[in-house]
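K.L.:
Just to be clear, the model below is a prediction. Sequence and coordinates:
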Amino acid sequence: MEFKDMAVMLADGTWDTLYMVLISTILGYIIGLPLGILLTITDADGIRPNRVIYKILDVIINITRSIPFLILLILIMPLTKMIVGKSYGTTATIVPLTFAAAPLIARMVESSLKEVDKGVIEAAFSMGAGYFTIIWKVLVTESRTSLLVGVTIALGTILGYSAMAGVIGGGGLGDIAIRYGYYRYETKIMIITVAVLVVLMQILQWLGMLLSKKIDKRRGK
Amino acid sequence: MSIIEIKNVTKTFDANKSSVHALSDVSLSVEEGEIFGVIGLSGAGKSTLVRCMNLLEKPTGGEVWVDGKNLMSLSEKELRLMRREIGMIFQHFNLLMQRNVLDNVCFPMEIAGVKKREAREKAMNYLKIVGLEEKAKAYPVQLSGGQKQRVAIARTLASNPRIILCDEATSALDPQTTGTILALLKQINKDYGITVVVITHEMRVVEEICDRVAVLNLGELAEIGPVEEVFRHPKSNAAKSLLLERKISQMGVNAADGI
């Protein structure tokens, strides 16, 4: 393969990967953020304890998180086909990626929100704040640094999963690495592809940490 | 007229099959405009008692009346409105760490739906009252303990309260800072006629600012009366032992001065 073709292929693959990872993480947050909030407030020491809701969510999240991603990928293929119209390709891969991301994100949101000082929540209650205000203006706002670290971790994990989806023709860099490196023994392409994935991961991590530090007001200036 | 009336309040916490009586049959009333102290050793139920006054803790039995309203009969929404009249400051200040000082003071006004510009103007004014207007743009992490408590006081003033509850508000501060915070509370009480309830384990706090004091011991009201009377002629063992403890610690200080 000529250098130019390879460069085009890698550029396309990178774009596909970014597209899958970003869209699934966003969708993952649309599902996972409310779940994480619900877990936090319904837990025994939350602001609105509710054993039944907490337990149900807890179990569902644990089950979905225990399913290995490759199995999940195959398991929900019918659903993927129903939503997207086909079960392979980048857009189709977004469905299982979102399913894998949501419970992980819910857990990370839960752990971030639980870091918020109980005293501050109590103070907000004493001022006559309602649940909605406490959730958005105290829980979410006070833990924003930790939430952003969570976003970084989620993006990294989904990036890893997206590469796995290459096995079933999921598109993106993982797909290229498996097709060329594994099936056709073109070690060079595989190594370059993996190198691109490493660089992507580094950039994500670096950006995430930079941003979370920048918005953290708990450090003295 | 009594602004706060605690009637036969009992609070029991269920902890792993056994239950703890934090308060048993406590009755007392706080008069409008006074500075009322509640003193007792740790575990006496002081914090629980003060939290019953704004229903952060719901009593297991009895009634809590504030400003002529039975708090336990209020709906959730009515209670939220009522709480705006009852400010509270805490031992660990409980400021929002991701907001600057000005926005912390604005927070109760945000809850009340005051327009942002108006809230900021008012907040600056409250910061002036507590002497921190030059720190408006600073973040809590950059402030000392005493300054944080001043912000917390400005923040309670922002909801225009009739009562301020102080839960060990000076316990995390050094003696000198304690003095300035107490002076500020006293001044606010005088200037705005806000009733102040002070929960503390320090005799000094009660001595310096309170008009009347209640001594709490193991969840029961041991004694109540004007500060001077309770301190000069303690009737209960709880009050006597608190006074004795203070005497001993003062002797310790004097002895240390002698060296």
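P.N.:
Done, it's in.

K.L.:
residue of the stretch 151-259 of chain B with the smallest distance to chain A?
P.N.:
Ranked by Cβ to the nearest Cβ, the top residue of the stretch 151-259 of chain B for proximity to chain A is residue B:159, at 6.1 Å. Bear in mind the C-beta positions are built from the backbone N, C-alpha and C, glycine included.

K.L.:
Wait, that residue touches residue B:87, no?
P.N.:
Yes. Between residue B:159 and residue B:87 there is a contact at 6.2 Å, judged by Cβ atoms under 8 Å.

K.L.:
what do those two both touch?
P.N.:
Residues touching both residue B:159 and residue B:87 (Cβ atoms under 8 Å, 6 or more residues apart in numbering or on different chains): residue A:127.

K.L.:
Looking at those two, which has the bigger crowd around it?
P.N.:
Taking other Cβ atoms under 10 Å in any protein chain shown, residue B:159 and residue B:87 do not tie; residue B:87 has more neighbours (27 against 20).

K.L.:
just checking, the more buried one is part of a helix?
P.N.:
No. Going by DSSP: H, G, I helix; E, B strand; the rest coil, the assignment for residue B:87 is strand, not a helix.

K.L.:
Now for it: which residues touch it?
P.N.:
Each residue near residue B:87 by Cβ under 8 Å, 6+ apart is listed here: A:126-127, B:156-157, B:159, B:161, B:163-165, B:194.

K.L.:
cool, residue A:80 as well?
P.N.:
Applying Cβ under 8 Å, 6+ apart, the residues near residue A:80 are A:86-87, A:92, A:95-96.

K.L.:
what's the neighbour count on residue 43?
P.N.:
No chain was given, so I picked chain A. The burial count for residue A:43: 20, using other Cβ under 10 Å.

K.L.:
actually chain B
P.N.:
Neighbour tally, residue B:43, other Cβ under 10 Å: 14.

K.L.:
Against residue A:85, how distant is the nearest residue to residue A:40 once chain neighbours are set aside?
P.N.:
Counting by Cβ to Cβ, 6 or more residues apart in numbering or on different chains, residue A:40 lies nearest to residue A:113, which is 4.2 Å off, once chain neighbours are set aside. Counting by Cβ to Cβ, to the nearest Å, the separation of residue A:113 from residue A:85 is 37 Å.

K.L.:
And those two? Which one has more around it.
P.N.:
The residue with more neighbours, out of residue A:113 and residue A:85, is residue A:113; 24 against 10, by other Cβ under 10 Å.

K.L.:
List the contacts of whatever helix or strand residue B:7 lives in.
P.N.:
Taking DSSP states H and E as the criterion, residue B:7 maps to strand B:2-15. Residues from elsewhere that reach strand B:2-15 (Cβ under 8 Å, 6+ apart): B:19-32, B:45, B:48-49, B:52-53, B:57, B:59-67, B:162-163, B:195, B:197, B:219.

K.L.:
Check which residues of that strand are buried.
P.N.:
For strand B:2-15, burial by neighbour count (16 or more other Cβ atoms under 10 Å in any protein chain shown) applies to B:2-7, B:9-11.

K.L.:
quick one: which of those is nearest residue A:142?
P.N.:
Checking the buried residues of strand B:2-15 against residue A:142 by Cβ to Cβ gives residue B:11 as the nearest, at 28.8 Å.

K.L.:
bridging residues for that closest one?
P.N.:
Residue B:11 has these beta-bridge partners by DSSP bridges: residue B:23.

K.L.:
need the helices for chain A, in chain order.
P.N.:
In chain A, the helices defined using DSSP state H lie at A:3-42, A:51-66, A:69-75, A:77-84, A:90-113, A:118-126, A:131-133, A:141-142, A:144-164, A:172-176, A:187-214.

K.L.:
Out of these, which is the most enclosed?
P.N.:
Of the helices of chain A, the one with the most neighbours on average (mean count of other Cβ atoms under 10 Å in any protein chain shown) is helix A:172-176, at a mean of 27.

K.L.:
how about the nearest residue to residue 97, chain neighbours excluded?
P.N.:
No chain was given, so I picked chain A. Excluding the flanking residues, the one nearest residue A:97 by Cβ to Cβ, 6+ apart is residue A:24, at 3.6 Å.

K.L.:
please go with chain B instead
P.N.:
residue A:218 (4.9 Å).

K.L.:
and what of residue A:179?
P.N.:
Leaving aside its sequence neighbours, residue A:179 sits nearest to residue A:166 (Cβ to Cβ, 6+ apart; 7.3 Å).

K.L.:
Do I have it right that that neighbour meets residue A:181?
P.N.:
No. The pair residue A:166 / residue A:181 is not scored as a contact, 9.9 Å apart, by Cβ under 8 Å.

K.L.:
Looking at these two now, which is surrounded by more residues?
P.N.:
Between residue A:166 and residue A:181, counted using other Cβ under 10 Å, residue A:166 has the larger neighbour count: 23 against 19.
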